[in-house]
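*Asks:* I would like to see how this sequence folds:
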Amino acid sequence: MSAPILSKHAPMPRVAEVCNDDAEVLALSVARFVAAGYMTRDIACWDAAFDGAETLLGAEAGGRFVSGIVGVVRALRTERADDGPFMPATCCRLTGHECALVGLIGRGRRRLWGEVERGAAAITGRPEAPRLVAALRAAVGPIDEAAGRLGASKRRPDGAALH
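*Replies:* I've put the predicted structure just below:
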């Protein structure tokens, strides 16, 4: 799924319209908590990211998942001139920046590394973004593992969305 083009007058897309599965919803939520922690310098934001992922995935898998997303957000912050706009973790709408990030995660999950390299360069505004590409490569395994666990989850009613 490619990121939607946003106009100034169109409503921002909803999480369910952009994220392909609950693992991508969780990745977006964790990225938002991590970004909020960077912005506020409050460790409670990162604790919330770990608490949510560990509740859904278990302590070990949840920790790996959050660590992978922290790496992605850190690489994005390192290779991008600004932080990019992130919505609050529970918001049902996405910014264009978040749409691009979710699209990049999806291409990484499909192992489209050439597209990931081009997309990482585009989202950072640089000719290349090797740290972001490396972080995405490292995060793909935990995200895919989460997809398997969340797809088989009995904690939510059938058909209920994570977000």
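
*Asks:* for the closest residue to Ala35 other than its chain neighbours, helix, strand, or coil?
*Replies:* Once flanking residues are discounted, Ala35 sits nearest to Phe86: 4.1 Å by Cβ to Cβ, 6 or more residues apart in numbering. All C-beta atoms are positioned from the backbone trio N, CA, C, and that covers glycine. Assigned by DSSP: H, G, I helix; E, B strand; the rest coil, the conformation of Phe86 is coil.

*Asks:* My read is that Phe86 contacts Thr95, right?
*Replies:* Yes - counting by Cβ atoms under 8 Å, Phe86 does reach Thr95; the two are 7.0 Å apart.

*Asks:* higher neighbour count, these two?
*Replies:* Neighbours per residue, other Cβ atoms under 10 Å: of Phe86 and Thr95, the larger number sits with Phe86, 22 against 16.

*Asks:* Who are the contact partners of that one?
*Replies:* Under the criterion of Cβ atoms under 8 Å, 6 or more residues apart in numbering, the neighbours of Phe86 are 31-32, 35-36, 95, 97-98.

*Asks:* Next, check those residues against the strands and list the overlap.
*Replies:* Residues from the contacts of Phe86 lying in strands, with DSSP state E as the criterion: none.

*Asks:* Make TSV from those residues and add distance to Val140 to it.
*Replies:* Shown next, in TSV, are the contacts of Phe86 (distance: Cβ to Cβ, whole Å):
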residue	distance to Val140
Ala31	14
Arg32	19
Ala35	20
Ala36	24
Thr95	23
His97	20
Glu98	18
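
*Asks:* Give me the subset of these lying in helices.
*Replies:* 31-32, 35-36, 97-98 (DSSP state H).

*Asks:* any chance you could map the helices in this structure?
*Replies:* Using DSSP H, helices in the chain cover 15-18, 22-40, 43-57, 59-79, 96-109, 113-124, 130-151.

*Asks:* quick one: pLDDT of the nearest residue to Val73 once chain neighbours are set aside?
*Replies:* In space, and not counting its chain neighbours, Val73 is closest to Val34: 4.5 Å by Cβ to Cβ, 6+ apart. On pLDDT, Val34 comes in at 95.

*Asks:* OK, contacts around Val34?
*Replies:* 45-46, 49, 66, 69-70, 73 are the contacts of Val34 under Cβ under 8 Å, 6+ apart.

*Asks:* Since that was my last question, I'll sign off now.
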